[in-house]
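> One predicted model, sequence on top.
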Amino acid sequence: MNRVVLAAFLALAACSEEEGTSYDAGYDDGHASGYNSFCKLRITIIWGNFDYPEYARGFADGEAAGIADAKAFDCKG
């Protein structure tokens, strides 16, 4: 019985969120994009799932943090 419950839980957890749509995915993409754009390093490939509000919010927060980090570390890392 415990195995059935565990299997059901894992199956539901795996289906709870589409890949690349979470706040964390947006934040990571935004941070990389903000840092790389500010430092003129390279074009950054991102998920770009702006139809998902959590992703868009995370991207905005991450982009601001990436730019702040780039300024703080003078684009050195």
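Looks like it came in fine. Numbering: from 1, shown residues only.

> Over to S37. Which of the three states is it?
Look at S37: counting by DSSP: H, G, I helix; E, B strand; the rest coil, its state is helix.

> How far does stretch 53-71 sit from its chain's centre?
Relative to the chain's own centre, stretch 53-71 is displaced by 9 Å; criterion: C-alpha atoms, centre = their mean, to the nearest Å.

> for stretch 25-38, same thing?
Centre-to-centre, stretch 25-38 and its host chain are 8 Å apart (C-alpha atoms, centre = their mean).

> for stretch 21-41, same thing?
For stretch 21-41 - counting by C-alpha atoms, centre = their mean - the centre lies 7 Å from the chain centre.

> any idea which element the residue nearest the centre of the chain lies in?
In the chain, the residue lying closest to the centroid (C-alpha atoms, centre = their mean) is A25, at 2.0 Å. Taking DSSP states H and E as the definition, one finds A25 inside helix 23-38.

> what does the helix or strand that that helix is followed by contact?
Sequence order places helix 53-72 as the next helix or strand after helix 23-38, per DSSP H and E. Helix 53-72 is contacted from outside by 20-39, 46-47, 49-50, using C-beta atoms under 8 Å, 6 or more residues apart in numbering. Every residue, glycine included, has its C-beta placed from N, CA and C.

> how does it look with 10 Å?
With contact meaning C-beta atoms under 10 Å, 6 or more residues apart in numbering, helix 53-72 is reached by 17-18, 20-41, 44, 46-50, 52, 75-77.

> can you pull the alpha-carbon coordinates of it into CSV?
Only the C-alpha atoms of helix 53-72 are listed here, as CSV (Å, rounded to 0.1, in the frame of the first residue of the first chain):
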residue,chain,number,x,y,z
PRO,A,53,2.9,35.0,-14.7
GLU,A,54,5.3,33.3,-12.3
TYR,A,55,8.0,32.9,-15.0
ALA,A,56,7.6,36.6,-16.0
ARG,A,57,7.8,37.8,-12.4
GLY,A,58,10.9,35.7,-11.8
PHE,A,59,12.5,36.9,-15.0
ALA,A,60,12.0,40.6,-14.0
ASP,A,61,13.4,40.0,-10.6
GLY,A,62,16.3,37.9,-11.9
GLU,A,63,17.1,40.5,-14.6
ALA,A,64,17.3,43.3,-12.0
ALA,A,65,19.6,41.1,-9.8
GLY,A,66,21.8,40.1,-12.8
ILE,A,67,22.3,43.8,-13.7
ALA,A,68,23.0,44.6,-10.0
ASP,A,69,25.6,41.8,-9.8
ALA,A,70,27.2,42.9,-13.0
LYS,A,71,27.6,46.4,-11.6
ALA,A,72,28.8,45.2,-8.3
